[in-house]
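# Here is a sequence with its predicted model. Questions after.
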Amino acid sequence: MGLAGIFVGLGLLIWLSYRGWSVLVLAPAAALIAALFANEPLLAHWTQTFMSSAAGFLAQFFPLFLLGAVFGKLMDDSGSVQTIARFMTEKLGPKRAMLAVVLAGALVTYGGVSLFVAFFVLAPMAHALFRAADIPARLMPAAIALGTSTFTMSALPGTPAIQNAIPMPFFGTTAFAAPGLGVIAAAIMLGFGMWWLRRAEGAARRSGESYAPVAVDKHVSAAEDPVVRERATTSGSFDPAEVTHGQHGAGQPGIVVALLPLVMVVLVNLLMALVILPRLDTSYLEEPRFGGITIANVGGVWAVLVALTAAIALLVALNWRRLPSLRATVDAGANASVLPVVCVASLVGFGAVVAAMPAFDLVREWVLGIGGGPLVSLALSTNILAALTGSASGGLTIALDALGATYMELAATTGIDPALMHRVAVIGAGTLDSLPHNGAVVTLLAVCGTGHRESYFDIVMVGIVGALIALIAVIVLGTALGSF
C-alpha cells in the first residue's frame, strides 16, 4: 500500500498541476496522500517532514532566486537585454536569423538573466528576424529554447542558473564543476541544435512554407495568463506576471555597457569560487551556530551570490539615468522571485515526505541497482523526477535530497569525482524536464504565439534529444577519463 500511495500522490500532483492547479496546494496534499496510504502520521509529516525540508530549501537557495530575479529585471528595464538582442540582429542579420536568436539568448542567460525574462525580450526580436528571412514562426520557440534553456542552463561551466547551483551543497562543488566535460556537452547541444534548426528551415523552404503573421504582442497577454503563470513559477526562477511591472527607461545603453554586468557575473563567480574563498579562513563555519559545516557546503552558493551582487551594483551605476524608477524595478524583481522559490520548495517538501515512507526503500534499491554504475543511475533518477514534476530544479533537488548522501558515499568508494556527479546531475535534470507540461515550454509557446502541435516537436529535438546525446557523452567520457 505504501508504494501505491507514492504513485497515487505523484499522479495527482502531475495531473492537477497540468490542469493549472497551484503546486502550493497540490504538493502538501499529494504528500499527505502518500503518508495516508503508508499509515504514517499525517500532521507530523506535514509540519515536521514537509515544512522542514521546504524551509531548508528556502534557507539555502532563496538568496539566489532573489538576486537572480532582481538582476534580470534590472537588465530588462535598463534596456540592456534589448541592446544585446539588437546587436545580434544587426551583426548577423536575417540571413543568419536562427544563429542570431540562439546566440542572443545564450549570451544573456549565461550572464545571469532569467530565461523567462529572455523569452519576453527575444520573442519580438525573433519575429522581426524570421519575418525578414521568411522563416516559419513555428521554428521560433525551438531557436529561443536552444539559446536559453539548454547548454547555458546545465552545461557551460560557471553558469549562475539555479539548476547549476542546487548540487553544490550536496557535492561540495562550485558552479565550475567538471569544466572540460561541461564545455564538450555545451558544444554537442549547440552543434546538434543548430544542425536540426538549419535542417528544419531547409525543409520548410523546399516545401514552400513561409512566415505567417503572428500577433507580436502575445508576450504581453502571456504575462497575464494565470495558467501560464502557474506552470512557469513551478519550473523557473522568475514570475512572468512581474515582467510588465517596474518601469523601462527611455533609452538603451551601448553594447559595451550592456555586456559589462554579464561579464562581471562570470568573472567574479570564477574568482570567488577558485581564488578568494579557498584562501579565506572560514573555520568559524564549524561552530554550532553556523551549522557545523565547511566552506565546501556553501562556497559555491556564496560565489554566485557575490557575483550577482557585484553585477547588480555595476549595472545600477552604469544605467542610473536609464532606470527612471529604481525602486519599482527592484520591487518587481524581488516579487518575481517569491512564488517560484516557494513552489519549488513545496515540490522539495513533497519529495521529502515520499523519501520518508518505508516503501521508498524499494525505489531507492531499484534506482541504485540500475546497471551502468552510479553515473547512469544518477542521470536516470534526475531525468525521471524532472520529467514527472515538470521542473528541472524541483526534480533535481528531490533526487539529491533523497539520494545525494548515498551518491557521495558511492563516489568515495568508487573513486568518482563529485564534480563529475554534479555535472551529470545537472545535465540529466535539464533533459526530460522539457515535456509538454513544463512551465518554460508552456510560457515560451504562449509568448511566441504558437502551439504544441506546430512547434513542440522541434523543441524536443533541440531541448531533449540534443541534451540526451550530450549527457551520454559526458557519462562515457567521465567513466573513461574521470572529471576534467
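Thanks, I have it. Since the model is a prediction, treat every value here as computed from it, not as a measurement.

# Quick check, pLDDT for the residue sitting nearest the centre point of the chain.
Central residue of the chain (Cα atoms, centre = their mean): Gln163, 4.8 Å from the mean position. As predicted, Gln163 sits at a pLDDT of 93.

# Spatially nearest residue to it, not counting backbone neighbours?
Among residues not flanking Gln163 along the chain, Ala392 sits closest, at 5.0 Å (Cβ to Cβ, 6 or more residues apart in numbering). No exception for glycine: its C-beta is placed from N, CA and C like everyone else's.

# Now do the contacts for that neighbour.
By Cβ atoms under 8 Å, 6 or more residues apart in numbering, Ala392 lies in contact with 153-154, 163, 235, 386, 429-430, 433.

# which strands and helices sit next to the helix or strand where Ala100 lies?
Using DSSP states H and E, the element containing Ala100 is helix 97-110. Applying 3 or more Cβ pairs under 8 Å, 6 or more residues apart in numbering; DSSP states H and E, one finds that helix 97-110 contacts helix 80-92, helix 115-133, helix 140-148, helix 151-154, helix 179-206, helix 255-271.

# quick one on the thing from earlier: what two of the contacts of Ala392 are the furthest from one another?
Ser154 and Ser235 (13.6 Å; Cβ to Cβ).

# ok, now how distant is Ala336 from Ala473?
For Ala336, the distance to Ala473 equals 35 Å [Cβ to Cβ, to the nearest Å].

# Identify each of the helices in the stretch 201-350 of the chain and give its residue range.
218-223, 226-235, 255-271, 277-279, 295-318, 326-356 (DSSP state H, counting those that start in this stretch).

# Format those helices as JSON lines; extra columns: mean neighbour count, distance to Leu3 and mean pLDDT.
Below are the helices of the stretch 201-350 of the chain laid out as JSON lines (neighbours: other Cβ atoms under 10 Å; distance: least, Cβ to Cβ, whole Å; pLDDT from 0 to 100):
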{"stretch": "helix 218-223", "mean neighbour count": "19", "distance to Leu3": "39", "mean pLDDT": "58"}
{"stretch": "helix 226-235", "mean neighbour count": "23", "distance to Leu3": "25", "mean pLDDT": "70"}
{"stretch": "helix 255-271", "mean neighbour count": "20", "distance to Leu3": "42", "mean pLDDT": "96"}
{"stretch": "helix 277-279", "mean neighbour count": "13", "distance to Leu3": "43", "mean pLDDT": "95"}
{"stretch": "helix 295-318", "mean neighbour count": "20", "distance to Leu3": "33", "mean pLDDT": "96"}
{"stretch": "helix 326-356", "mean neighbour count": "23", "distance to Leu3": "10", "mean pLDDT": "93"}
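
# of those, which approaches Gly463 most closely?
Comparing the helices of the stretch 201-350 of the chain against Gly463 with Cβ to Cβ, the closest turns out to be helix 226-235 (12.6 Å).

# helices or strands next to that closest one in the packing?
On a contact count with 3+ Cβ pairs under 8 Å, 6+ apart, helix 226-235 meets helix 2-18, helix 326-356, helix 392-414, helix 439-448.

# Could you take the ones you listed and lay them out as TSV, with extra columns for distance to Leu308?
TSV is the format used below for the helices and strands packed on helix 226-235 (distance: least, Cβ to Cβ, whole Å):
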stretch	distance to Leu308
helix 2-18	29
helix 326-356	11
helix 392-414	17
helix 439-448	21
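
# These: which one's closest to Pro124?
helix 439-448 (9.4 Å).

# Quick one: mean pLDDT for stretch 35-55?
Rounded mean pLDDT across stretch 35-55 is 95.

# that older thread, quick one: which of the contacts of Ala392 has the lowest pLDDT value?
Among the contacts of Ala392, Ser235 carries the weakest pLDDT, at 68.

# what sits against Leu12?
26, 29-30, 33.

# Tell me if I'm right that Ala177 and His422 touch.
Yes: using Cβ atoms under 8 Å, Ala177 is in contact with His422, at 3.9 Å.

# what do these two both touch?
Residues touching both Ala177 and His422 by Cβ under 8 Å, 6+ apart: 167-168, 171.

# out of these, which are inside strands?
Secondary structure from DSSP state E places none of the shared contacts of Ala177 and His422 in strands.

# which one of those residues sits closest to Val465?
Closest to Val465 out of the shared contacts of Ala177 and His422 is Pro167 (23.5 Å), distances taken as Cβ to Cβ.

# The closest one: neighbouring residues, count only.
By the measure other Cβ atoms under 10 Å, the count of residues near Pro167 is 29.

# What is the neighbour count of Asp239?
As a burial measure, Asp239 scores 25 neighbours (other Cβ under 10 Å).

# Show the pLDDT at it.
Per-residue pLDDT puts Asp239 at 82.

# Would you quantify the distance from the closest residue to it other than its chain neighbours to Gly68?
Leaving out its chain neighbours, the residue that sits closest to Asp239 by Cβ to Cβ, 6+ apart is Ala336, at 4.2 Å. In this view, Ala336 and Gly68 are 9 Å apart by Cβ to Cβ.

# closest one to Ser207 among the helices and strands packed on helix 226-235?
Nearest of these (Cβ to Cβ): helix 439-448, 20.8 Å.

# Residues touching the helix or strand just after the closest one, excluding its own?
Next helix or strand after helix 439-448 toward the C-terminus (DSSP H and E): helix 452-460. With contacts defined as Cβ under 8 Å, 6+ apart, helix 452-460 is touched by 138-142, 145, 196-197, 200, 434, 436, 441, 444-445, 448.

# Could you identify the most distant pair in these?
The span of the contacts of helix 452-460, defined through Cβ to Cβ, is set by Leu197 and Pro436 at 20.0 Å.

# Contact partners for the nearest residue to Gln252 once chain neighbours are set aside?
Distance criterion Cβ to Cβ, 6+ apart; nearest residue to Gln252, sequence neighbours excluded, is Gly79 at 3.5 Å. Remark: with contacts taken as Cβ under 8 Å, 6+ apart, Gly79 is in contact with 248-249, 251-253, 258, 319, 322.

# hmm, back to that, from what I can see the residue nearest to the centre of the chain touches Ser154, true?
Yes: with contact defined as Cβ under 8 Å, Gln163 counts as touching Ser154 (5.8 Å).

# Can you pull the residues that touch both of these two?
392, 426, 429-430.

# For Met408, state which of the residues you listed is nearest.
The shortest gap between Met408 and any of the shared contacts of Gln163 and Ser154 belongs to Val426, at 15.8 Å (Cβ to Cβ).

# so the closest one is in which element?
helix 418-429.

# Roughly how far does Phe360 sit from Ile33?
Phe360 is 14 Å from Ile33, where distance means Cβ to Cβ.

# Let me fix that, I meant to ask about Trp15.
In terms of Cβ to Cβ, Trp15 sits 12 Å off from Ile33.

# Distance-wise, check the residue at the greatest distance from the centre of the chain relative to Pro136.
Largest separation from the mean C-alpha position in the chain: Gly208, at 36.3 Å (Cα atoms, centre = their mean). Plainly put, Gly208 is 11 Å away from Pro136 if you go by Cβ to Cβ.
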